[in-house]
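Peer 1: Attaching a predicted model along with its sequence, questions to come.
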Amino acid sequence: MTDRRPEFHGEMFDKGLAVRREVLGDAYVEKSLAAATDYSAPLQKLITEWCWGEVWTRPGLERRLRSVLNLGMTMALNRPAEFKTHARGALNNGLTREELVEIVLQGAIYCGAPASLDAMRLLQALFDELDTEGRT
C-alpha cells in the first residue's frame, strides 16, 4: 500500500498544532496524530490546519466563547466524543464545571432532553476522570 499520509508540518499546521495542544492537551493530540492511518491522516492535517490554525486563531472570539459554541453545536449534532473532548478543552480554556453544567441546561431547552441527558452523562464521566486524576 502506498503511504498516503501527508507531512505533519508547515506554517499553518504548526500554528494549528500549537492551539490544538493548548486547548485539548498534549496527550490527546499525540494520540490522535499517532493513530492516523494512510486514510485518516489527511483529515488530521486538514483539521489541524483549518480548524485549529485558521479559525481558532482568529481574533474575533476569545477561546472561552469558541468552547461554548463548540459545546452547543456538538450537543445539538449528537456528537458525544467531540462533546466530551471539547468539554475538557473548555475547562482548559477557563470555563468552570458549573458553567459546563449551565451550558447543558441551556441546551436542554434548545436541543432537547435526550441530547442534554447524554451531554450531562458525558460531563459526569469527564468530572469523574478529572477527580481521579486529581484535577479540579
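Peer 2: Thanks, I have it.
Peer 1: mind checking which helix or strand the spatially most central residue of the chain is in?
Peer 2: Against the mean C-alpha coordinate of the chain, by C-alpha atoms, centre = their mean, the closest residue is H86 at 3.2 Å. Following DSSP states H and E, the helix or strand that holds H86 is helix 80-92.
Peer 1: same thing with D128?
Peer 2: With elements taken from DSSP H and E, the one containing D128 is helix 113-133.
Peer 1: buried sites along that helix?
Peer 2: For helix 113-133, burial by neighbour count (16 or more other C-beta atoms under 10 Å) applies to A115, S116, D118, A119, M120, L122, L123, L126, F127. C-betas here are computed from N, CA, C, even on glycine.
Peer 1: quick one: the last one from E98, how far?
Peer 2: Distance check for F127 against E98: by C-beta to C-beta, to the nearest Å, it reads 11 Å.
Peer 1: circling back to that earlier point, show me what the helix holding H86 is in contact with.
Peer 2: 22-25, 28, 64, 67-68, 70-71, 74-75, 97, 99-100, 118-119, 122-123, 125-126, 130 (C-beta atoms under 8 Å, 6 or more residues apart in numbering).
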